[in-house]
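> A predicted structure for the sequence below; I have some questions about it.
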Amino acid sequence: QVQLVESGGGLVQPGGSLRLSCAASGFTFSGYVMSWYRQTPGKGRELVAAIGSAGGSTSYANSVKDRFTISRDNVKNMIYLQMNSLKPEDTAVYYCNAKGPPLWAPRDYWGQGTQVTVSS
């Protein structure tokens, strides 16, 4: 049974930091590209950051570049999102996503989301 369980969300003041975690199970974690998405009411999900299966390549949305860092631990089957210099516009539900093989029928898994609220 595939599970992606996010944690670490909460309320933080502008300029503060949070670290999100996502625990993965039920699939071959090291073979999957892992990502963080976020969604606000009335908007579609936005890709925030992604990391390759081996952890050597990362990409970020322009809006979070130089503030957020994605990482993964292929031993613990975890990914993380370190969020610094948070802004009110970072307020959203953050989702963990896994995309993996096979190419002809790619797998796409989602967590339940964790709320991040940036407000004074």
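Nice, I can see it.
> And for Asn62, the neighbour number?
6 (other C-beta atoms under 10 Å). To be clear about C-beta, it is placed using only N, CA and C from the backbone, and glycine gets the same treatment.
> Ok, Gly31 next?
Neighbours of Gly31 using other C-beta under 10 Å come to 13.
> Same check on Phe29?
Neighbours of Phe29 using other C-beta under 10 Å come to 22.
> Am I right that Gln82 sits in a strand?
Yes - counting by DSSP: H, G, I helix; E, B strand; the rest coil, Gln82 is part of a strand.
> For the closest residue to it other than its chain neighbours, give me the pLDDT.
Closest residue to Gln82 apart from its sequence neighbours, by C-beta to C-beta, 6 or more residues apart in numbering: Thr69 at 4.4 Å. Per-residue pLDDT puts Thr69 at 98.
> so what's Thr69 up against?
By C-beta atoms under 8 Å, 6 or more residues apart in numbering, the contact list for Thr69 reads Ala49, Leu81, Gln82, Asn84.
> Okay, and the beta partners of the third one?
Translated: Gln82. When bridges are called by DSSP bridges, Gln82 pairs up with Arg19, Thr69.
> Show me which of the contacts of Thr69 are buried.
Neighbour counting with 16 or more other C-beta atoms under 10 Å marks Ala49, Leu81 as buried within the contacts of Thr69.
> Determine which residue lies closest to the centroid of this structure.
Trp36 (2.3 Å; C-alpha atoms, centre = their mean).
> does that residue count as helix, strand or coil?
Put simply, Trp36 is strand when judged by three-state DSSP.
> Spit out the contact partners of it.
20, 22, 47-50, 70, 79, 81, 94-97.
> Just the buried ones among the residues you listed, please.
Leu20, Cys22, Val48, Ala49, Ala50, Ile70, Ile79, Leu81, Tyr94, Tyr95, Cys96, Asn97.
> what's the closest of these to Ala105?
Nearest to Ala105, judged by C-beta to C-beta, of the buried ones among the contacts of Trp36 is Asn97 at 16.9 Å.
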